[in-house]
Each structure stands twice: as C-alpha cells, then as structure tokens.
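Undergrad: Next come a sequence and a model predicted from it.
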Amino acid sequence: MELRQLNYFVAVANEKSFTLAAKRLHVVQSAVSAAIASLERDLRVTLFERNAQRVVLTEAGAALLPEALAVLDAAQGARDAVDELGRGVRGSVRVGSLAGLDLVDLPALAGDFRRRYPGVELRLRVETTGSAGIVAALLNGEVDVGFLGVADTVNRDLCTRELLRVPQVLAVPAGHPLARRRTVAVSDLAEEDFVDFPPGYASRAVTDQVFAAARIERRIAVEVGGVENAADFVRHGVGVAIVPPFAVRGDEAVRTVKVKDEPLEWSLHLATTRKRKPTAAVRALTGLVDAHLRQPENRA
C-alpha cells in the first residue's frame, strides 16, 4: 500500500468521480483507475461501486476512508516537522464556510494568511447545504476546517471552539401589523407565512425547536440560502423571518421585533475533526481567525 494510492483513493471518494479526481490531482484518469485497481487487489476488496451515473464507496471503502486520511495526515505531519525547521509552513488548507456568512471577514482572513504563509495553498469552499453540509465535509475529509452554526449540541466527532453567539429577532415588512410591536410571543406567529433556511442550517434548527416546543406548526413560504436573501423576501411581503439583527439593519422597509421569553440564539463555531490531527497549516489558519471576527451587534 502506497501513499500515492491512498491519496488517489481519497480524491475519488471526495469527488465521487474518477474524472474529477484526476483533474484535482493533475494526472490522467487512467493513472487514477490503475492506482485504485492496484489498491483493491492488494486489499482483496472492492472499494467503489461504479456505473455510468455515479461512483460511491462500498462498505469496505467507507471503512478505509478515515484510516487513509489518518495515514495521509501522519505523512503530512512528518513533512511539517521538517518544513518548519527549514522552509517554513507548507501544504494546503481547505476551509468550509456557510453561504452569506458575514460574521467572519473571510477576504481579510485569506489575505492575512497568504501574506504570512505564502507556501501554503488556501482553498475556500462555500457550503450551500448549511452547517450539516460542513459537518459532512469535515467527516469525509473534503475540508480540513469549517465555520459552522450550532443550535444545541456539537457533533461528538468534531473538535470545536465557539467564536460568537448570534441572537435572532423576528423581521417583518414595515407595513405588517406586528411592526408596531416591541415584542411578540411565539403564539402570535401561528398564522404567519415564514421565509426560512433549509433544514441543516443552525438558525432553522433553533426556530424549529422553539415552535415545536410551543406545539405550533409553521408555514414555510420559501426557503433561501442566506440572510440577505431572507431580508429581500421579507421586504417584499412574502413572509416574516427569524434572522440576526444585522441582516436587516438600515433597511427602512423591514422592522425587527423581539420574540419574548424564547432562546432564539445560535453559536458560530470553528471546527475540525477529532480523527485527524491538525497540520501546521491548519493550526496557522485557526490561530488567525479571532482577529477577523465581526461581532453580531456591530455589523452594519
């Protein structure tokens, strides 16, 4: 078993395609296919189910994936130890982030990181399926570190650090009857149409939990992928929304109202997976994050 084979195996597992894996690795597809076939012969198992539409891991492949990642991480750790004595931090860092995340100044963070660590390749990936998608990407080895929202408990397979607490308010159109209220109860919202985020987003989980506890079934008029999109739909009277205050601050067409006696709040976390030791490059990036946070109450 060679590191090259494991590297090709992880690439195919992540891309779910031999063609895309070859492009990612900058090799011809036949080289990837040959390496996987050789690995399957050595292990005497089939690692992927292949057909014209998809490539998916078999049970044996799923069992091998975390072990392959651990071996590759150990090899990278050995390189890091040598590089830090000579050439400095090298390697790559893949970062997963939420769509529309404005609580971290990602452009400033990326620029700061590149200036300090020019030998590290930094790749940022926006996950359109919310925090659940970032958790899956971390556990599958598709990203090395992720920014994700946490509504209640943290996945026990992740190592996380809370960065910010994000309060939520009710956003309504300026002409809505509730716009003149300072506070509302959850029961006041039973007949409202809602603009919300898809399942998998922390803010959606918080809202669902609050309404489930009150035994109120919400009507979701539209699901959107970012807080700025939610504000647009609220502004045009499509529905009301539970959002961070900064999402609608300064918008004269939208009013915010506090939902009383309810813990409408989620937290932003920085996460890595417990099964993989962070590389020197990952540690370097995570060490810069705090300097580029934007407090929710200070967002314009």
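TA: Arrived safely.

Undergrad: Every contact and neighbour count from this point should use C-alpha atoms.
TA: Will do.

Undergrad: Centre of the chain to the lowest-mean-pLDDT helix or strand in the chain, how far?
TA: Sorting the helices and strands of the chain by mean pLDDT, DSSP states H and E puts helix 59-85 at the bottom, at a mean of 81. Computed by C-alpha atoms, centre = their mean, to the nearest Å, the chain-centroid distance of helix 59-85 equals 22 Å.

Undergrad: now stretch 40-55
TA: Centre-to-centre, stretch 40-55 and its host chain are 28 Å apart (C-alpha atoms, centre = their mean).

Undergrad: Using CSV, write out every CA atom in it.
TA: Extracted C-alpha coordinates of stretch 40-55, given in CSV (Å, rounded to 0.1, in the frame of the first residue of the first chain):
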residue,chain,number,x,y,z
GLU,A,40,-8.3,-3.1,-4.4
ARG,A,41,-6.1,-6.1,-5.5
ASP,A,42,-3.8,-5.6,-2.5
LEU,A,43,-6.7,-5.4,-0.1
ARG,A,44,-8.7,-8.0,-1.8
VAL,A,45,-11.9,-5.9,-1.7
THR,A,46,-13.9,-3.6,-3.9
LEU,A,47,-13.7,0.0,-2.7
PHE,A,48,-16.1,1.7,-5.1
GLU,A,49,-19.4,0.8,-6.8
ARG,A,50,-19.1,2.2,-10.3
ASN,A,51,-21.7,2.7,-13.0
ALA,A,52,-22.4,5.3,-15.7
GLN,A,53,-24.1,7.7,-13.3
ARG,A,54,-22.1,7.5,-10.1
VAL,A,55,-19.1,6.3,-8.1
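
Undergrad: got the contact list for the host helix or strand of residue 111?
TA: Element membership for residue 111 (DSSP states H and E) is helix 106-116. Contact with helix 106-116 is made by 120, 122, 285, 288-289, 292, as judged by C-alpha atoms under 8 Å, 6 or more residues apart in numbering.

Undergrad: between the helix or strand where residue 94 lies and helix 59-85, how big is the angle?
TA: Following DSSP H and E, one finds residue 94 within strand 91-98. On the basis of axes from the mean of the first three to the mean of the last three C-alpha atoms, to 10 degrees, strand 91-98 is oriented at 120 degrees to helix 59-85.

Undergrad: Mean confidence (pLDDT) on strand 91-98, please.
TA: Strand 91-98 shows a mean pLDDT of 90 in the predicted model.

Undergrad: Run through who's touching that strand.
TA: For strand 91-98, contacts defined as C-alpha under 8 Å, 6+ apart pick out 76, 80, 119-128, 130-131, 134, 137, 142-148, 281-282.

Undergrad: 6 Å instead?
TA: With contacts defined as C-alpha atoms under 6 Å, 6 or more residues apart in numbering, strand 91-98 is touched by 120-127, 130, 143-147, 282.

Undergrad: now the helix holding residue 111: how far from the chain's centre is it?
TA: Worked out by C-alpha atoms, centre = their mean, helix 106-116 lies 19 Å from the chain centre.

Undergrad: go on, stretch 202-219?
TA: 22 Å.

Undergrad: re earlier: only the buried subset of the contacts of helix 106-116, as a ChimeraX command please.
TA: ChimeraX command restricting these to the buried ones, with burial defined by 16 or more other C-alpha atoms under 10 Å:
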select :120,122,285,289,292
